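Undergrad: sequence and predicted model, in that order:
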Amino acid sequence: MHETDQKQELIINANYELFVLLVTLLSIVNNVLWILAIEPYTRNVIQIIEYIISAFLLLDFFVRLIRARDKRAYLFRYYGWMDFLGSLPVLGLRVARLARVFILGRKFRRDDLTEVGGIIVRQRAQSTLLVVIFTALVIFEVSGIAVLRAESQSPQANIQTAGDALWWAYVTVATVGYGDRYPVTTDGRIVGILVMTAGVGLFSVLTSYLADWFRRPRKTGPRARPLANALFPKNASDGLDEIQRLLDEHQAQHEQTMAELQAKLDEIKKSLKA
């Protein structure tokens, strides 16, 4: 298979690639926190979050592997094995994924990175959705650790384990609030207030952007080129053909517009003479 075709399969979506990078960075930070943490409940919360992240990254690896037409090239020429290694829930291995990102990032030109940034800005609704998911994951983890730290000193606390804390954090961020787990200390309630406020804010932002996305009119013209095609054009002649096609379309649209305007002008002249 042509090398350019294989390169095109490496990129799923600019927004999604950035999301995976952020999740990987979060996991690396978790590894550092797990080493530095003294309290066992902090390690327990981080461990559960790491299992969730590992499940997502393993799914991401298998999706990339299935999409690759030349699986051997993906695994070895483009360091797909580092994706797999970095997806395992083993301390320190997440760095492998980050290393692969930097290795492949060296293949990008400055114009390519500008194009990636432009796509992220243009696709604001999708970008916002992924940012909300990532922010919710961070709040989910931080609030779980914080509420356990606040409640650990109270004998009346009913949030006593990492599972209890993450369950409480989830239903609070989701603004559901079952009431089976709740903070009883002042510090814990302050954490609850912050988490509820953050949850309401996240859902408000998500709702407003999705509403804007649904209201935005859809363009019926030719679709924009995929990111991979923009980053890795097959050859110069394809680029020239694309430019010529766009010029021809623009000229045809211009001629049609001029013909319509001329027809309306003729009608106006006839009505004035009558």
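TA: Thanks, I have the structure now.

Undergrad: show me where pLDDT drops low in the stretch 151-274 of the chain?
TA: Filtered on pLDDT under 70, the stretch 151-274 of the chain yields the residue ranges 177, 212-213, 216-243, 246, 250, 274.

Undergrad: which parts of it are strands?
TA: Under the criterion DSSP state E, counting those that start in this stretch, the stretch 151-274 of the chain carries no strands.

Undergrad: for it, what spans make up the helices?
TA: Secondary structure of the stretch 151-274 of the chain (DSSP state H, counting those that start in this stretch): helices located at 162-173, 186-215, 227-231, 236-273.

Undergrad: which parts of the second one are buried?
TA: Judged by neighbour count (16 or more other C-beta atoms under 10 Å), helix 186-215 contains these buried residues: 188, 191-192, 195, 198-199, 202, 206, 209. Yep, even glycine has a C-beta here, placed from its N, CA and C like the rest.

Undergrad: next, the angle helix 162-173 makes with that helix.
TA: Interaxial angle of helix 186-215 relative to helix 162-173 (axes from the mean of the first three to the mean of the last three C-alpha atoms, to 10 degrees): 50 degrees.

Undergrad: now for helix 186-215, which elements pack on it?
TA: With contacts defined as 3 or more C-beta pairs under 8 Å, 6 or more residues apart in numbering; DSSP states H and E, helix 186-215 has these neighbours: helix 124-151, helix 162-173.

Undergrad: please identify the most buried of those helices.
TA: helix 162-173 (a mean of 22; mean count of other C-beta atoms under 10 Å).

Undergrad: need the contact partners of that one.
TA: 41, 44-45, 47-49, 136, 139-141, 143-145, 147-148, 158-159, 177-178, 181-183, 192, 195-196, 198-199, 202 (C-beta atoms under 8 Å, 6 or more residues apart in numbering).

Undergrad: repeat that with 7 Å
TA: By C-beta atoms under 7 Å, 6 or more residues apart in numbering, the residues outside helix 162-173 that reach it are 41, 44-45, 48, 136, 139-140, 143-144, 147-148, 159, 177-178, 181, 192, 195-196, 198-199.

Undergrad: can I get that helix in CSV? Just the C-alpha atoms.
TA: What follows is helix 162-173 as a C-alpha-only set of coordinates in CSV (Å, rounded to 0.1, in the frame of the first residue of the first chain):
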residue,chain,number,x,y,z
ALA,A,162,-12.7,5.2,46.6
GLY,A,163,-15.8,3.5,45.1
ASP,A,164,-18.1,5.6,47.4
ALA,A,165,-16.2,8.8,46.5
LEU,A,166,-16.3,8.3,42.8
TRP,A,167,-20.0,7.3,42.8
TRP,A,168,-20.8,10.4,44.7
ALA,A,169,-18.6,12.5,42.4
TYR,A,170,-20.3,11.1,39.3
VAL,A,171,-23.9,11.6,40.4
THR,A,172,-23.0,15.1,41.7
VAL,A,173,-21.3,16.1,38.4
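
Undergrad: so it versus helix 124-151, what angle?
TA: Using the same axes, to 10 degrees: helix 162-173 against helix 124-151 is 130 degrees.

Undergrad: need phi/psi at Ser54.
TA: Main-chain torsions, Ser54, degrees, to the nearest 10: phi -60, psi -40.

Undergrad: that one reaches Phe84, doesn't it?
TA: No: assessed by C-beta atoms under 7 Å, Ser54 is found out of contact with Phe84, at 11.2 Å.

Undergrad: out of the buried residues of helix 186-215, which comes closest to Thr128?
TA: Distances from Thr128 to the buried residues of helix 186-215, taken as C-beta to C-beta, are shortest for Tyr209 (4.2 Å).

Undergrad: what comes up buried for the helix or strand harbouring Asn31?
TA: In this structure, Asn31 sits in helix 14-36 according to DSSP states H and E. For helix 14-36, burial by neighbour count (16+ other C-beta under 10 Å) applies to 14-15, 17-20, 22-24, 26-28, 30-31, 34.

Undergrad: and the furthest pair within the residues you listed?
TA: Longest span within the buried residues of helix 14-36, C-beta to C-beta: Ala14 and Trp34, 30.8 Å.
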